[in-house]
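Trainee: pasted the sequence and its predicted model underneath.
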Amino acid sequence: MRTISTKPLVVAALLLGTLAACNTTYAQGAPQAITEKRTDVVQLASGYRASKLSGADVYNNNKDTIGTLDDLIVSPSADRSTYAILSVGGFLGMGKHLVAVPFTDLQINNRRIVLPDATKKSLEALPEFKYAPD
């Protein structure tokens with residue numbers, strides 16, 4: 001009759017117990033820290049949802065329609081700036097020119113979006129924005 005040594009099982013159990021007690025294992029091999037920040041959820045809920053703003057007309061101070069809000073993009077840089085992608089010009093979706101403007105340049109009041117000093121010509125003069133391939 002052959003006997004099986006339980007020594008490797010005991011060693012493995014001790015190692016796992018030691019690791020659990022020390023709590024030094026990390027996901028993906030690096031320590032992770034999650035910080036909590038309290039958010040006023042009532043105030044936040046009264047904000048504007050990107051999905052509801054998408055497709056909205058954008059006006060200037062003269063109440064001229066100068067474009068349409070196509071999308072919002074969060075920059076991959078460390079500051080995580082948000083940019084509004086505006087569709088300018090074109091007719092029925094043909095020949096439209098997409099441009100990116102800092103979201104902080106927009107004024108939003110009752111779902112009316114205003115880019116105060118802009119004109120269609122000034123927006124069309126901006127470099128064209130193109131979405132990165134998925």
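Mentor: The structure has been received and is ready for your questions.
Trainee: contacts only, for the spatially closest residue to residue 57 that is not a sequence neighbour.
Mentor: Leaving aside its chain neighbours, residue 57 sits nearest to residue 65 (5.0 Å; criterion: C-beta to C-beta, 6 or more residues apart in numbering). Just so you know, the C-beta spots here come from the backbone N, C-alpha and C atoms, and that holds for glycine as well. Applying C-beta atoms under 8 Å, 6 or more residues apart in numbering, we find residue 65 in contact with 57, 58, 59.
Trainee: so what's residue 65 scoring on pLDDT?
Mentor: Note on residue 65: pLDDT of 94.
Trainee: who's it bridged to?
Mentor: Counting by DSSP bridges, residue 65 is bridged to residue 59.
Trainee: tell me which of the contacts of residue 65 is nearest to residue 132?
Mentor: residue 58 (22.9 Å; C-beta to C-beta).
Trainee: ok, the closest one - how many residues close by?
Mentor: Using other C-beta atoms under 10 Å, residue 58 is surrounded by 24 other residues.
Trainee: give me the distance between it and residue 115.
Mentor: Here residue 58 is placed at a distance of 6 Å from residue 115 (C-beta to C-beta, to the nearest Å).
Trainee: overlap of the contact sets of the two?
Mentor: Here residue 58 and residue 115 have 66, 67, 86, 106 as joint contacts, going by C-beta under 8 Å, 6+ apart.
Trainee: compare the residues you listed and tell me which is most surrounded.
Mentor: Within the shared contacts of residue 58 and residue 115, most neighbours by other C-beta under 10 Å means residue 67, with 28 neighbours.
Trainee: contact partners for that residue?
Mentor: Residues near residue 67 by C-beta under 8 Å, 6+ apart: 57, 58, 86, 87, 88, 89, 99, 115, 120, 123.
Trainee: need the pLDDT of the last one.
Mentor: What that stands for is residue 123. Residue 123 is assigned 94 on the pLDDT scale.
Trainee: give the bridge partners for the spatially closest residue to it that is not a sequence neighbour, please.
Mentor: Distances taken as C-beta to C-beta, 6+ apart put residue 88 closest to residue 123, at 4.4 Å, once the chain neighbours are dropped. Counting by DSSP bridges, residue 88 forms beta bridges with residue 97.
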